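Engineer: the sequence and its predicted three-dimensional model are supplied below.
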Amino acid sequence: AQKVTQAQTEISVVEKEDVTLDCVYETRDTTYYLFWYKQPPSGELVFLIRRNSFDEQNEISGRYSWNFQKSTSSFNFTITASQVVDSAVYFCALIFGNEKLTFGTGTRLTIIP
Amino acid sequence: EPEVTQTPSHQVTQMGQEVILRCVPISNHLYFYWYRQILGQKVEFLVSFYNNEISEKSEIFDDQFSVERPDGSNFTLKIRSTKLEDSAMYFCASSEDTEAFFGQGTRLTVV
């Protein structure tokens, strides 16, 4: 069975601070994909990143970076120099093949101006 | 940029009524999904659809739910007799491989 755990329910940081959102996953599969989605107050799900299980290179996209550690089954997401527009709920998710995405419970991030 | 579109964006219905939520997936995608998110909770899988049939469904997807691809472009979710607990945001998604693209969601309120 697949499981995604986001232990941080809510995080608040002051604007311009860095913040890391944790994601730990469980799967028996050797080939899988990990995702991060952003859900702003408007409610839609915005795709941020996909990472396959064979690619442990960290990725940076502007102020966003992701740290994939297979040894600890973690796929953490860091926002550098946070901005108010980063305020949202962030979901980590896991998929095997073309099967369903399994989502974590989400982390509500609030950036305080 | 191609996107998944869902209509309506909001739907209010009386308990016991039937609702149909509509989705237009991205045109070259082959896999289609419905997910549900009760307010303040996580996104839950309902059903996946491939090659004109259901490939997987969750425990939530009981006999009150059905999906259909009535033509080459639409993908619908029908709830036969809505209950109060069906109130949620319903997301349609489609994919070509593993990267699922989500629609903006339909907020269903059952009163």
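Structural biologist: Yep, that arrived.

Engineer: for the residue nearest the centre of chain B, give me its contacts.
Structural biologist: With distances taken as C-alpha atoms, centre = their mean, the residue of chain B nearest its centroid is residue B:34 (3.6 Å). Going by C-beta atoms under 8 Å, 6 or more residues apart in numbering or on different chains, residue B:34 touches B:21, B:23, B:46, B:47, B:67, B:77, B:90, B:91, B:92, B:93. Heads up, the C-betas are built off the backbone N, CA and C, glycines and all.

Engineer: mind doing that once more with 10 Å?
Structural biologist: For residue B:34, the contact set (C-beta atoms under 10 Å, 6 or more residues apart in numbering or on different chains) comprises B:21, B:23, B:44-49, B:57-58, B:60-61, B:65, B:67, B:75-77, B:90-93, B:103.

Engineer: near chain A, which of those show up?
Structural biologist: Checking the contacts of residue B:34 against chain A by C-beta under 10 Å from any C-beta of the partner chain, the ones in range are B:44, B:45, B:46, B:47, B:48, B:57, B:58, B:91, B:93, B:103.

Engineer: direction included, what does the helix or strand hosting the fourth one pair against?
Structural biologist: Right, the one you point to is residue B:47. Per DSSP states H and E: residue B:47 is located in strand B:43-50. Here strand B:43-50 has these sheet partners by DSSP bridges: strand B:31-37 (antiparallel), strand B:53-57 (antiparallel).

Engineer: can you add mean pLDDT and distance to residue A:59 and give those strands back as TSV?
Structural biologist: Formatted as TSV, the strands paired with strand B:43-50 follow (pLDDT from 0 to 100; distance: least, C-beta to C-beta, whole Å):
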stretch	mean pLDDT	distance to residue A:59
strand B:31-37	95	25
strand B:53-57	93	29
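
Engineer: for chain B, which helix or strand comes out least confident on mean pLDDT?
Structural biologist: strand B:100-102 (a mean of 89; mean pLDDT, DSSP states H and E).

Engineer: which SSE is immediately downstream of it?
Structural biologist: As assigned by DSSP H and E, the chain's next helix or strand after strand B:100-102 is strand B:106-110.
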